[in-house]
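Colleague: I would like the atomic coordinates for the input below:
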Amino acid sequence: MEVISSNSEELCRIRSEKIDIFKESMNASKNILFIVNPFAGYHSKEHVPDLIDELIPKEKFNYKIINTEYAGHAHELALKAKEDRTDIVVAVGGDGTLNEVASALAHSDVILGIVPGGSGNGLSMHLGIGRSKRKALKKISQLNIKNIDTGNVNGKFFINMAGVGMDGLVAYKTKLSNRRGFSTYFKGAIWESVKYKNRRYKVEVEGKEYDGKFLSVNVANGSMFGYNFTIAPDADTSDGLMNTLMIHDSHKINYFGNAWRFFAGRIHKSHFASTEKSKNIKITAYEDSYMHIDGEGYPIEAGEFEFNIEPNSLRVIC
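Modeller: The predicted structure follows:
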């Protein structure tokens, strides 16, 4: 007969207690806050509160639904939920709503859920959640949790991607428009690309320096903007690296002739593109330009912009 030492008995007891605590935690009801952008969340045939009531098991979850009322409100609500030790906070809306909620939850134990309510839903597609609210809500009840990276540019948070150049201008013009959807974005991109004059940037990444005119420089954590508009097909949100895609100065006919590559995930194969993977990147804009951060476009002044990765900084249901 094997004799178990007192140390072994103590170790077994501790392990048993940890297992019991884990089981109790998994069996306990989880508290969920759904933060809904009413424009993005309700502007569809699927009524979000009805879907939540139908698809979220009440024996497993206690939930509340709060609508946002102004820009930045989602961030405030998520911060309050974190202070209240809410288990899961779900962003129901587009990229802007997702950015506000995720930025409040980063570097905490609170879990982020995503229910796509916007037009593009790039990160939702990348994480395998998809575009369907119904399917996304079903995934939330399954609680498959993954740690992912996030990024920041000059200290400003992003979860999917950010960049400078024409994509920033298109995002800015789209934000000013009353219309949404793929056709609005695509028409805007075509129109702006006809008029757009490439800006000069210096890109410093992985000990290399690219200095010249660019159509755009994008720094990606996920793989796509949305609408399957893919710029970094091999992006991995858990590898501790950012993918940088630089579209160099070229004749406009080359851009139009290779537009299909964005939807085929092959734009990085074009002769006017360069790619790098890195933990950080610095872009110097020599003149005023435009930036986008998770789908939101902004005018920017000439200056330096430092992009950094924050590894494993967010817990996400995917």
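
Colleague: tally of neighbours for residue 191?
Modeller: Residue 191: 12 surrounding residues under other CB atoms under 10 Å. Quick note: C-beta positions are derived from backbone N, CA and C, even for glycine.

Colleague: mind listing what it touches?
Modeller: Residue 191 sits next to no residue when contact means CB atoms under 8 Å, 6 or more residues apart in numbering.

Colleague: that one: what secondary structure?
Modeller: With DSSP: H, G, I helix; E, B strand; the rest coil as the basis, residue 191 sits in helix.

Colleague: can you list the domains in the chain?
Modeller: Domains of the chain are assigned by automatic domain parsing as 7-143, 160-310.

Colleague: make JSON lines out of these and add distance to residue 151.
Modeller: Listed next are the domains of the chain as JSON lines, based on distance: least, CB to CB, whole Å:
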{"stretch": "domain 7-143", "distance to residue 151": "10"}
{"stretch": "domain 160-310", "distance to residue 151": "5"}
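
Colleague: give me the most central residue, this structure.
Modeller: Centroid-nearest residue in the chain, with CA atoms, centre = their mean: residue 160, separated by 3.0 Å.

Colleague: please list all residues in contact with that residue.
Modeller: Listed by CB under 8 Å, 6+ apart, the contact set of residue 160 reads 95, 98, 122, 123, 126, 220, 221, 222, 294, 295.

Colleague: okay, now the fifth one: neighbour count?
Modeller: Per other CB under 10 Å, the neighbour tally for residue 126 reads 23.

Colleague: which residue, other than its chain neighbours, is closest to it?
Modeller: Counting by CB to CB, 6 or more residues apart in numbering, residue 222 is the residue found nearest to residue 126 once chain neighbours are left out, at 4.0 Å.

Colleague: got the contact list for the one you found?
Modeller: Applying CB under 8 Å, 6+ apart to residue 222 gives the contacts 122, 123, 126, 127, 159, 160, 161, 232, 235, 237.

Colleague: many thanks, I have nothing further to ask.
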